[in-house]
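Chemist: The sequence isn't on hand, but the structure is:
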């Protein structure tokens, strides 16, 4: 089936996994969303899919504690909401468990085609964000930096931050890493995000080789 027929609005919750053995079979194509617990990751997924109840959102950061899978209308094509990190006021043992799930998933999941790293545009590239970015560069994993809550800033400030983040990345990462501003509240940037995900997922079911964004 041709990937251009993907409709992100078709996303439906499939299951939540506490460990890799509980994840769906590792075939097909997935795009995963990662980010700090207060970065607006679930809101971004809900805005992308047009379903405000799809991914769990809360005024209390850290509600995404499991690996959550959402099936799309194309067989074996999924969105994945990874455990949030870095902010939630929970015991250290729980934080470590969340981060272990995230690490195991991004390092072991063969069907992962690209990673969306969600960051509050006012506080980009915190230490763990940098760790994930460095891992993506080292492993050749396509990465899209989604700078959320852009409605909090004026256009000039947004452009300055985007430029600063781009300049902080290695010069040889331009074909691997893309970035954009995004507002779930106003819907700004949804089409850009859709285009990026389709670039990663534009392949037939028989062709499972990752495709780098351009």
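Modeler: Cool, the structure landed. None of these values were measured; they are calculated from a predicted model. Numbering: from 1, shown residues only.
Chemist: show me where this structure has helices.
Modeler: Counting by DSSP state H, the chain has these helices, from start to end: 41-49, 92-108, 127-139, 155-168, 190-201.
Chemist: Please identify the most buried of those.
Modeler: helix 41-49 (a mean of 24; mean count of other Cβ atoms under 10 Å). For the C-beta atoms, the positions are set from N, CA and C on the backbone; glycine is no exception.
Chemist: so it versus helix 190-201, what angle?
Modeler: Angle of helix 41-49 versus helix 190-201, following axes from the mean of the first three to the mean of the last three Cα atoms, to 10 degrees, is 90 degrees.
Chemist: How far off centre is stretch 132-151?
Modeler: 8 Å (Cα atoms, centre = their mean, to the nearest Å).
Chemist: For the chain, which residues score under the pLDDT cut-off?
Modeler: Counting by pLDDT under 70, the chain contains low-confidence ranges at 1-4, 57-64, 86-99, 203-214.
Chemist: In this protein, which residue is most central in space?
Modeler: The residue lying closest to the centre of the chain (Cα atoms, centre = their mean) is residue 33, at 2.0 Å.
Chemist: List the contacts of that one.
Modeler: Shown in contact with residue 33 (Cβ atoms under 8 Å, 6 or more residues apart in numbering): 41, 44, 45, 79, 80, 81, 82, 115, 116, 118, 146.
Chemist: From those residues, pick the one nearest residue 201.
Modeler: Of all those, residue 79 has the smallest distance to residue 201: 10.1 Å, by Cβ to Cβ.
Chemist: Roughly how far does the nearest residue to that closest one once chain neighbours are set aside sit from residue 81?
Modeler: Spatially, and ignoring its direct neighbours in sequence, residue 79 is nearest to residue 70 (4.4 Å; Cβ to Cβ, 6 or more residues apart in numbering). Noted for residue 70: a distance of 7 Å to residue 81, by Cβ to Cβ, to the nearest Å.
Chemist: And for residue 146?
Modeler: Relative to residue 81, residue 146 is positioned 13 Å away (Cβ to Cβ).
Chemist: of those two, who's got more company?
Modeler: Of the pair residue 146 and residue 81, residue 146 is the one with more neighbours under other Cβ atoms under 10 Å, namely 27 against 24.
Chemist: and the more buried one, bridged to which residues?
Modeler: residue 118, residue 180 (DSSP bridges).
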